[in-house]
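Trainee: Build me a model:
(chains A, B, C and D)
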Number of protein chains: 2
Amino acid sequence: MSIRNPKQALYAEFAAVAKALGHPHRLELIEQLAQGARSVEALSAKLGLPVANTSQHLQSLRRAGLVAAERDGKFVIYRLAGDTVLALFAALRTVGESNVAEVDRILRTYFNKRDDMEPVTREELASLMRDDLVKVIDVRPADEFALGHVPGAINVPLADLDAQLSSFELDREIVAYCRGPWCVLSFEAVAALRKRGLRARRLEDGMPEWRAAGLPVEASA
Amino acid sequence: MSIRNPKQALYAEFAAVAKALGHPHRLELIEQLAQGARSVEALSAKLGLPVANTSQHLQSLRRAGLVAAERDGKFVIYRLAGDTVLALFAALRTVGESNVAEVDRILRTYFNKRDDMEPVTREELASLMRDDLVKVIDVRPADEFALGHVPGAINVPLADLDAQLSSFELDREIVAYCRGPWCVLSFEAVAALRKRGLRARRLEDGMPEWRAAGLPVEASA
DNA sequence: GGCTCATTCAATCATTCAATTGAGTGAGCT
DNA sequence: AGCTCACTCAATTGAATGATTGAATGAGCC
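Mentor: Next comes the predicted model:
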């Protein structure tokens, strides 16, 4: 590196942070870590990547200050470096959503974007839950549910939805949530429930945003 | 590209946006465009880069949806694609500031970070100006000042500061501002003014943030 | 100590990126 | 039309990145 003025030095650092976000796998890692801290092995299984590859991506995220790692026995547990990372991720999504035509196309194709899928806001759900007016289902895999979920929610991974249908009362609205704003699972869960004649809506965003909003979180043993 | 599920497709798009931010020159371009729309030539002069290189960086920003371009006679005028871009840039700075040790070191070395340089908030300045209690100086180059500035501010590029010193009343506090939160110019202006016995403070952040906050902006002819 | 397992490191190869150069395009001007 | 000027494109070079492989490290466990 040649001699730089302070501004260039700062911008080089910021660019390094942005560069670390510039790979789909690393964004997926951040999404996963937003659910809770995990080992390299767990993350590599989630993403379906070789462990060495996962490790390298995690290290580049760590060098950029986006995640932190600490050893726990044989495992190395990675976690997000702070709440600002989540805010950055959200800002990135917002820009993509509002400025990239392809993103809009994908959202309209695969998600029934803003059509009949109007989500429940977090505040609305908190209020509905106080009055016990809704049943809340968490459609994420069991391990993510275990790391933290909306208090009182029950875990119904998508594959188990049919099996558990009989336990749903017909007169109570169901609210489904997932990892984040565009987790297909909650869209599919709502679609499936409606097809069976139940009233169902999605929660806006997902678990990390619920937590970031300062709302209560319950963790399993 | 192989067949991807919707999430991977979305994340590939978001990663492309992040990648576009992953180069210091492109961040500088965004900072410049945050002051106002400019031609390729003007931007290349500002950054001190060859025109062709500037053009290519601008094009990669455009492909990512971060800036837009339109032809005006012989010139091609680039501008930011929207307010969300500024929010993303701010989020990136926040992450860098809170998570990257090197950023902290630079800020402490070159800027007197948060020591005796406590900035004036935008709201405070708006109020002080209503009562005509302060003199506001814009220390950016004249061309940036012309694209939009705080109403009533006078343009005093750093080089002209000494020459204009005599016009400053001793009993009125001076508030200096610049391009953004870490534009050295306003730090240096405040330091120089204080050395000469004047009361001076910086405005928090800079012009783009003032504009984004919905405060009034005045443009020169 | 020696074994196992999670993770990291090191080496390799293919791909992509950044900067430079010089040629090409398109709008205005005479 | 022919010229100028602002910008873009295309081709080249060297550097950086990403995926894969297999070997090293380091912490627990026997």
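Trainee: Please enumerate residues in contact with stretch A:191-208?
Mentor: With CB atoms under 8 Å, 6 or more residues apart in numbering or on different chains as the test, stretch A:191-208 has contacts from A:34-35, A:86, A:112, A:117-122, A:125, A:136, A:138, A:140, A:144, A:148-150, A:161-162, A:165, A:168, A:170, A:172-181, A:183, A:186-187, A:189-190, A:210, A:217. The way it works is simple: take the backbone N, C-alpha and C, and place the C-beta from them, glycine included.
Trainee: what bridges to A:Glu173?
Mentor: Beta bridges link A:Glu173 to A:Val134, judged by DSSP bridges.
Trainee: show me what contacts it?
Mentor: By CB under 8 Å, 6+ apart, A:Glu173 lies in contact with A:Leu128, A:Leu133, A:Val134, A:Lys135, A:Arg199, A:Ala200, A:Arg201.
Trainee: likewise A:Arg93?
Mentor: So A:Arg93 contacts A:Pro181, A:Trp182, B:Phe14 (CB under 8 Å, 6+ apart).
Trainee: So it versus B:Glu218, what's the distance?
Mentor: Remark: distance between A:Arg93 and B:Glu218 (CB to CB, to the nearest Å) = 34 Å.
Trainee: Please check the contacts of A:Glu173 and keep the buried ones.
Mentor: Buried subset of the contacts of A:Glu173 (neighbour count, 16 or more other CB atoms under 10 Å in any protein chain shown): A:Val134, A:Lys135, A:Ala200, A:Arg201.
Trainee: Quick check: closest non-adjacent residue to the residue most central in space within chain A.
Mentor: The centroid of chain A falls nearest to A:Arg179 when counting by CA atoms, centre = their mean (3.0 Å). The shortest distance from A:Arg179 to any non-neighbouring residue, by CB to CB, 6 or more residues apart in numbering or on different chains, is to A:Gly206 (4.6 Å).
Trainee: cool, and A:Cys178?
Mentor: In space, and not counting its chain neighbours, A:Cys178 is closest to A:Ser186: 3.9 Å by CB to CB, 6+ apart.
Trainee: Next secondary structure element downstream of the longest helix seen in chain A?
Mentor: As assigned by DSSP state H, the longest helix anywhere in chain A is helix A:83-99. Downstream of helix A:83-99, the first helix or strand assigned by DSSP states H and E is helix A:101-110.
Trainee: Would you mark the buried spots in stretch A:163-171?
Mentor: Neighbour counts over stretch A:163-171 (16+ other CB under 10 Å) mark A:Phe168 as buried.
Trainee: what's in contact with that stretch?
Mentor: Applying CB under 8 Å, 6+ apart, the contact partners of stretch A:163-171 are A:Lys135, A:Val156, A:Ile174, A:Leu193, A:Arg196, A:Gly197, A:Leu198.
Trainee: for stretch A:80-92, same thing?
Mentor: Residues outside stretch A:80-92 that contact it (CB under 8 Å, 6+ apart): A:21, A:27, A:30-31, A:33-34, A:65-68, A:208-209, A:212, B:14, B:17-18, B:84, B:87-88, B:90-92, B:94-95, B:98-99.
Trainee: Weed out the non-buried ones from the residues you listed.
Mentor: Of those, these count as buried by 16+ other CB under 10 Å: A:21, A:27, A:30-31, A:33-34, A:65-68, A:208-209, B:14, B:17-18, B:84, B:87-88, B:90-92, B:94-95, B:99.
Trainee: List every C-alpha atom in stretch A:50-61, with coordinates, as PDB.
Mentor: This file holds the C-alpha atoms of stretch A:50-61, laid out as PDB (Å, rounded to 0.1, in the frame of the first residue of the first chain):
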ATOM      1  CA  PRO A  50     -17.300 -28.100   2.200                       C
ATOM      2  CA  VAL A  51     -16.000 -27.300   5.700                       C
ATOM      3  CA  ALA A  52     -12.700 -25.800   4.400                       C
ATOM      4  CA  ASN A  53     -14.600 -23.500   2.100                       C
ATOM      5  CA  THR A  54     -17.000 -22.400   4.900                       C
ATOM      6  CA  SER A  55     -14.000 -21.800   7.200                       C
ATOM      7  CA  GLN A  56     -12.400 -19.600   4.700                       C
ATOM      8  CA  HIS A  57     -15.500 -17.500   4.100                       C
ATOM      9  CA  LEU A  58     -15.900 -17.100   7.800                       C
ATOM     10  CA  GLN A  59     -12.400 -16.000   8.200                       C
ATOM     11  CA  SER A  60     -12.800 -13.300   5.600                       C
ATOM     12  CA  LEU A  61     -15.900 -12.100   7.400                       C
END
